[in-house]
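Peer 1: Quick one: sequence and predicted model below, then my questions.
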Amino acid sequence: MARECYYILAGETSADLLASHLMRAVQKNTKSQVDWIGIGGEQMEKLGFTSNEDMSKLSVVGFLEAISSYSILLQIAKEQIEEIIQSRPKAIFTVDTKQFSLKFVSLLRKKMDQVGWHVPIIQLVAPTVWAWGPWRAKKFEKLFDAILCLFPFEPSYFHPKKTHAVFVGHPSAYQALEINKQTLPPKQVSQNDFIGLMPGSRRSEIAFNFADIMCSAEIFFNHFPKCQFILPTTSNLEKLINEQVKDYRLPIEVVVGREAFEDSLSKISAAICVSGTATLQLSLSGIPAVTCYKTNALNYLLMRIVFKQKDPILPNILLQKEVYPCFLQSAQTPKNLSSALIDIYDNISAYRQTMQHNSEQLLQALMDGDRNFQASIAYHLEKNDLC
């Protein structure tokens, strides 16, 4: 059987999962065996992908970290471009990892022009134009042949004559729908419920947010001593997390991997969660939560200057209301986080009812018709003759 080669680049845990869906979608569109080259993680490796670089090297957060890592990232980009030119894949995909992807594709375009060879370059996950401003759209539509968007309002930010920007739905919505189809009895209010603690999936997030979240949990535990805690994490952070949780006197279970995280969503009654995709997954599951985010002072200052939204919490942005209370930077204190969580737990039935309504609204907004996520990607790739 003939084989086809595709290049894919994913630079962090959430991108690794998205890329695994993308790989399955591409396979749906071809009868050939597919050889994947590029950079990825464990979810992609389960599908036969072999990464030629450590994915975590691309996981850069904030302006300062991007600057300090520039020379390393530039070298990685050049090495990847050489491999692409030699391998001549049928299409090139970059998944999330937006800052690196822009520089990488800009250099790649120049090299492709030099050798007189071109194939479609496709970005999965649009830049957050709605948060940072229209200048980001112009950069992406200039470099990418197509942008696969996770949110329904994103394609309108891109010029249709410059790039194919299409809404493919959000994988968390499809996952939540499948879970919701299970006819499980509603969870009863209890004083020994599980509380989720979600300090982030990057080392930099752990450095700035872990201690505040754990101290908040200790204060909460003093009020509800029968509660237990679940902390989902990734395999690359497992050792670090297990070392740090020893400093806190809490009945806490550290669970590792995507499946463990998904399983924890069916157990926890409330959570403290760092800003990111996890806040969307919690809201789609109807789980009340307190959200937060802290970074270094300069990163935060620059973010406040250019960021167009009140806060970075995805459910709040999507529904244009406060789905979750959010404590940023100096407001992220153990006292504030624990007080908000205690308020939720004292009124858990009312919060659950509200969150169920929010969950239904988000589900309606984040699905591309009757197709599942992989089928939606496959459909749009085939329709636009992209692979």
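Peer 2: Looks like it arrived, so ask away. Numbers count the residues shown, from 1 in each chain.
Peer 1: Neighbours of K139, how many?
Peer 2: Using other Cβ atoms under 10 Å, K139 has 15 other residues around it. (Each C-beta comes from the backbone N, C-alpha and C, glycine too.)
Peer 1: K98: what's its closest spatial neighbour, skipping adjacent residues?
Peer 2: Nearest residue to K98, sequence neighbours excluded (Cβ to Cβ, 6 or more residues apart in numbering): P127, at 5.2 Å.
Peer 1: residues in contact with the one you found?
Peer 2: With contacts taken as Cβ atoms under 8 Å, 6 or more residues apart in numbering, P127 has the following neighbours: 98, 136-137, 139-140.
Peer 1: and the least confident of the residues you listed?
Peer 2: Per-residue confidence over the contacts of P127 reaches its minimum at R136, where pLDDT is 78.
Peer 1: element containing that one?
Peer 2: Under the assignment given by DSSP states H and E, the secondary-structure element containing R136 is helix 135-143.
Peer 1: mind checking which helix or strand the residue nearest to K98 is in?
Peer 2: Secondary structure (DSSP H and E) places P127 outside all helices and strands.
Peer 1: the bottom helix or strand of this protein by mean pLDDT?
Peer 2: Least confident helix or strand of the chain, by mean pLDDT, DSSP states H and E, is helix 63-68 with a mean of 54.
Peer 1: which residues touch L328?
Peer 2: When contacts are counted by Cβ under 8 Å, 6+ apart, L328 touches 292-294, 300, 311-312.
Peer 1: Reformat these as JSON lines; add neighbour count, distance to F194 and secondary structure.
Peer 2: Conversion of the contacts of L328 to JSON lines gives the following (neighbours: other Cβ atoms under 10 Å; distance: Cβ to Cβ, whole Å; DSSP: H, G, I helix; E, B strand; the rest coil):
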{"residue": "C292", "neighbour count": "30", "distance to F194": "19", "secondary structure": "strand"}
{"residue": "Y293", "neighbour count": "24", "distance to F194": "23", "secondary structure": "strand"}
{"residue": "K294", "neighbour count": "23", "distance to F194": "25", "secondary structure": "coil"}
{"residue": "Y300", "neighbour count": "18", "distance to F194": "31", "secondary structure": "helix"}
{"residue": "D311", "neighbour count": "18", "distance to F194": "26", "secondary structure": "coil"}
{"residue": "P312", "neighbour count": "18", "distance to F194": "26", "secondary structure": "coil"}
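Peer 1: Return the member of those residues nearest to T277.
Peer 2: P312 (11.5 Å; Cβ to Cβ).
Peer 1: Report the spatially closest residue to that closest one, excluding sequence-adjacent ones.
Peer 2: Excluding its sequence neighbours, the residue lying closest to P312 (Cβ to Cβ, 6+ apart) is S275, at 4.6 Å.
Peer 1: Do you have the helices of the stretch 51-200 of the chain handy? List them.
Peer 2: Along the stretch 51-200 of the chain, the stretches classed as helices by DSSP state H, counting those that start in this stretch are 63-68, 70-87, 98-115, 129-132, 135-143, 171-181.
Peer 1: Rebuild these as JSON lines, extending it with distance to R3.
Peer 2: Written out in JSON lines, the entries for the helices of the stretch 51-200 of the chain read as follows (distance: least, Cβ to Cβ, whole Å):
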{"stretch": "helix 63-68", "distance to R3": "37"}
{"stretch": "helix 70-87", "distance to R3": "12"}
{"stretch": "helix 98-115", "distance to R3": "22"}
{"stretch": "helix 129-132", "distance to R3": "37"}
{"stretch": "helix 135-143", "distance to R3": "28"}
{"stretch": "helix 171-181", "distance to R3": "27"}
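Peer 1: which residues of the stretch 1-150 of the chain score low on pLDDT?
Peer 2: Counting by pLDDT under 70, the ranges of the stretch 1-150 of the chain that qualify are 1-2, 59-69, 131-132.
Peer 1: got a list of what D35 touches?
Peer 2: Residues in contact with D35 (Cβ under 8 Å, 6+ apart) are 3-6.
Peer 1: Selection in ChimeraX covering whichever of those are buried, please.
Peer 2: Of the contacts of D35, the buried ones can be selected in ChimeraX as follows, counting by 16 or more other Cβ atoms under 10 Å:
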select :4,6
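Peer 1: Would you mind putting the contacts of D35 into a markdown table with distance to A25 and secondary structure alongside?
Peer 2: Putting the contacts of D35 into a markdown table (distance: Cβ to Cβ, whole Å; DSSP: H, G, I helix; E, B strand; the rest coil) gives the following:
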| residue | distance to A25 | secondary structure |
| --- | --- | --- |
| R3 | 18 | strand |
| E4 | 14 | strand |
| C5 | 16 | strand |
| Y6 | 11 | strand |
